[in-house]
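*Asks:* okay, predicted coordinates and the sequence, questions at the end:
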Amino acid sequence: MLSIGLVAVLAMPLVLAVVRSRHVDAHAFAFNNGATNLLSSACSVVCSNVGIGTFVAIYLFTQASPLIGISIAISYTLGLLLCAWLAPRIHAQCCETGTYALVDLIVVRHGDNSIWPVWLPISLIFLLRSAVQLAALTVILSEATQLSPFLSLIIATASVAVYSIVGGYQAATNTDVIQAAVLLALVAVLIAGFSAFQAEPRPFLDLGPHNISLLIGIVLFVPITPVLAVDNWHRMATARDASIARGAFVVAAPLCAVVYGAVWWAGMLPSPTGDVLQSFRTFMPSEKAWLADLLFMVAIISSIDTFVMPLISSFERLGAGLAKMRVAVTVLFFVTATLAWLAGDILSTVIAAFSSLTVLLPCVLGAFFLSRPTTEAAWISLNAGVATTLMLTLVLPDAASLIGFAISAITYWAVDRFQRSRIR
């Protein structure tokens, strides 16, 4: 049954993309023509905000500390509601500036003539998130097919890259409706399987091996990360109108909260192994352990495309045609596959990707609230913040987001102030 499910999950997006590819032009490829309806938008929100990083982070942090695990689940749900609150303003700002992508808004508002100093650090953050998904999909395929990890990585990359190259953001959006339905149905099966297990009594307030700085970082910054995610931003900007942009997050937030809660509860249950996938196989009904593999595969495939495609939209604004954008998608998936092959511990990569998101905040606030913010402030603060956060993830992971944000904010303020003084 796993083999049938595997083929269906991998083939379905490609079939849909090929069927609709005759109607794809450059604008549809990058933005779905700015006409995404409420159902597609809501399903896309679910798909992009329930990836393998969600399962790994909430489950493993809950095993270490129930308080940290539930804090992540609640904070991220609040972040989706924050998206709903801000969606009309973001949608209006994007229409006013003629931008759809977060990168483009930062570039345009900061008066930059080149996208690269801003695009490169932001792309690195989201390619790391995609690499986590791809590495996990590689493991599942390798176990299911007994193929080598390298060949499994090639198949995993091709399974997502091909339909993204063919159909672009339009294909990613069109497939999300089916993928979200399957994802939520499998989570319902998972929840039903919990009845066979009893939660272990554990000290709820114990932080385990982590320190208070991690909890502070989660409470302060995790609610902001959904707003700073290029996929959620793209979704708010490309919705048919502001009410759909808001409604999608209002509908999706409680559905995502159920998924986050289910993963948290799974972390509270006894598991014969520390392996995340194996534990979820245990929680599935008897003789249906393969449903856990299918759940993870759907979560992975449905989120990778939504991370990669918003990074391409900047090229359409610069005048790139459909062929050039397809080449760009190919290159990004090659880079993602390389990062997936080189990535070490998945949890560490998840922490690095999510911690780095906080460094975008000064640029975004500057784009919205400052009058003529300076170009240098944007790209210097972004690059300094991302570099600092990634390095700290290796030596001081619990405080990486706090320190990375501080470096980015101080750099942004100092550089912007210095450049303004020179102009005077």
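*Replies:* Thanks, I have it.
*Asks:* which SS class is residue 82?
*Replies:* helix (DSSP: H, G, I helix; E, B strand; the rest coil).
*Asks:* number of nearby residues for it?
*Replies:* Using other C-beta atoms under 10 Å, the number of residues around residue 82 comes to 17. Quick note: C-beta positions are derived from backbone N, CA and C, even for glycine.
*Asks:* longest helix in the protein, please.
*Replies:* Counting residues, the longest helix found in the chain (DSSP state H) is helix 149-193.
*Asks:* and that one, how far out from the chain middle?
*Replies:* Centroid separation for helix 149-193 versus its chain: 14 Å, with C-alpha atoms, centre = their mean, to the nearest Å.
*Asks:* chain center to stretch 109-118: distance?
*Replies:* Distance, centroid of stretch 109-118 to centroid of chain: 23 Å (C-alpha atoms, centre = their mean).
*Asks:* leaving out chain neighbours, which residue sits closest to residue 43?
*Replies:* The shortest distance from residue 43 to any non-neighbouring residue, by C-beta to C-beta, 6 or more residues apart in numbering, is to residue 180 (3.7 Å).
*Asks:* check what pLDDT the one you found gets.
*Replies:* We note a pLDDT of 93 for residue 180 in this prediction.
*Asks:* and what of residue 21?
*Replies:* pLDDT, read off for residue 21, is 62.
*Asks:* next one: residue 6
*Replies:* pLDDT, read off for residue 6, is 60.
*Asks:* and the gap between the residue lying closest to residue 332 once chain neighbours are set aside and residue 103?
*Replies:* Excluding its sequence neighbours, the residue lying closest to residue 332 (C-beta to C-beta, 6+ apart) is residue 308, at 5.3 Å. Distance, residue 308 to residue 103, by C-beta to C-beta, to the nearest Å: 13 Å.
*Asks:* list the buried ones in stretch 339-356?
*Replies:* 339-340, 343, 346-347, 349-356 (16 or more other C-beta atoms under 10 Å).
*Asks:* my error: substitute stretch 211-220 in the last question.
*Replies:* 213-215, 217-218.
*Asks:* need those residues in JSON lines with distance to residue 64 and secondary structure, can you?
*Replies:* Listed next are the buried residues of stretch 211-220 as JSON lines, based on distance: C-beta to C-beta, whole Å; DSSP: H, G, I helix; E, B strand; the rest coil:
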{"residue": "213", "distance to residue 64": "15", "secondary structure": "helix"}
{"residue": "214", "distance to residue 64": "10", "secondary structure": "helix"}
{"residue": "215", "distance to residue 64": "12", "secondary structure": "helix"}
{"residue": "217", "distance to residue 64": "15", "secondary structure": "helix"}
{"residue": "218", "distance to residue 64": "13", "secondary structure": "helix"}
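*Asks:* residue 370: which of those is nearest?
*Replies:* Nearest to residue 370 among those, counting by C-beta to C-beta, is residue 217 at 25.3 Å.
*Asks:* confidence score at the closest one?
*Replies:* pLDDT recorded at residue 217 is 92.
*Asks:* my guess is it meets residue 404, correct?
*Replies:* No - here residue 217 does not reach residue 404: they are 9.5 Å apart, not a contact under C-beta atoms under 8 Å.
*Asks:* and the next element down the chain from the worst-scoring helix or strand of the chain on mean pLDDT?
*Replies:* Least confident helix or strand of the chain, by mean pLDDT, DSSP states H and E, is helix 2-20 with a mean of 63. For helix 2-20, the following helix or strand on the C-terminal side (DSSP states H and E) is helix 26-31.
*Asks:* flag the shaky bits of the stretch 151-300 of the chain, pLDDT-wise.
*Replies:* Applying pLDDT under 70 to the stretch 151-300 of the chain flags the ranges 272-274.
*Asks:* one more time with 80, if that's ok
*Replies:* The model of the stretch 151-300 of the chain has pLDDT under 80 over residues 200-201, 271-275, 286.
*Asks:* so what's residue 404 up against?
*Replies:* 355-356, 358-359, 385-386, 388-389, 392 (C-beta atoms under 8 Å, 6 or more residues apart in numbering).
*Asks:* skip the chain neighbours and tell me the closest residue to it.
*Replies:* Nearest to residue 404 is residue 389, by C-beta to C-beta, 6+ apart, at 3.2 Å.
*Asks:* the one you found sits in which helix or strand?
*Replies:* With DSSP H and E as the test, residue 389 turns up in helix 375-395.
*Asks:* which SSE is immediately downstream of that helix?
*Replies:* Counting by DSSP H and E, the element after helix 375-395 in chain order, helix or strand, is helix 400-423.
*Asks:* list the buried residues in that next one.
*Replies:* Quick answer for helix 400-423 (16+ other C-beta under 10 Å): 400-405, 407-409, 411-412, 415-416.
*Asks:* for these, give me CSV that also has pLDDT and distance to residue 260.
*Replies:* Shown next, in CSV, are the buried residues of helix 400-423 (pLDDT from 0 to 100; distance: C-beta to C-beta, whole Å):
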residue, pLDDT, distance to residue 260
400, 89, 22
401, 89, 19
402, 91, 23
403, 93, 26
404, 93, 24
405, 95, 23
407, 96, 29
408, 96, 27
409, 96, 28
411, 96, 33
412, 96, 31
415, 95, 37
416, 93, 37
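*Asks:* what's the closest of those residues to residue 262?
*Replies:* residue 401 (25.2 Å).
*Asks:* in contact with the closest one, which residues?
*Replies:* 217, 221, 354-355, 358, 389 are the contacts of residue 401 under C-beta under 8 Å, 6+ apart.
*Asks:* got the contact list for residue 59?
*Replies:* Residues near residue 59 by C-beta under 8 Å, 6+ apart: 69, 263-264, 266-267, 276, 279.
*Asks:* okay, now residue 45: neighbour count?
*Replies:* What residue 45 shows, counting by other C-beta under 10 Å, is a neighbour count of 29.
*Asks:* against residue 213, how distant is it?
*Replies:* From residue 45 to residue 213 the distance is 30 Å (C-beta to C-beta).
*Asks:* roughly how far apart are residue 128 and residue 161?
*Replies:* For residue 128 relative to residue 161 (C-beta to C-beta), the value is 17 Å.
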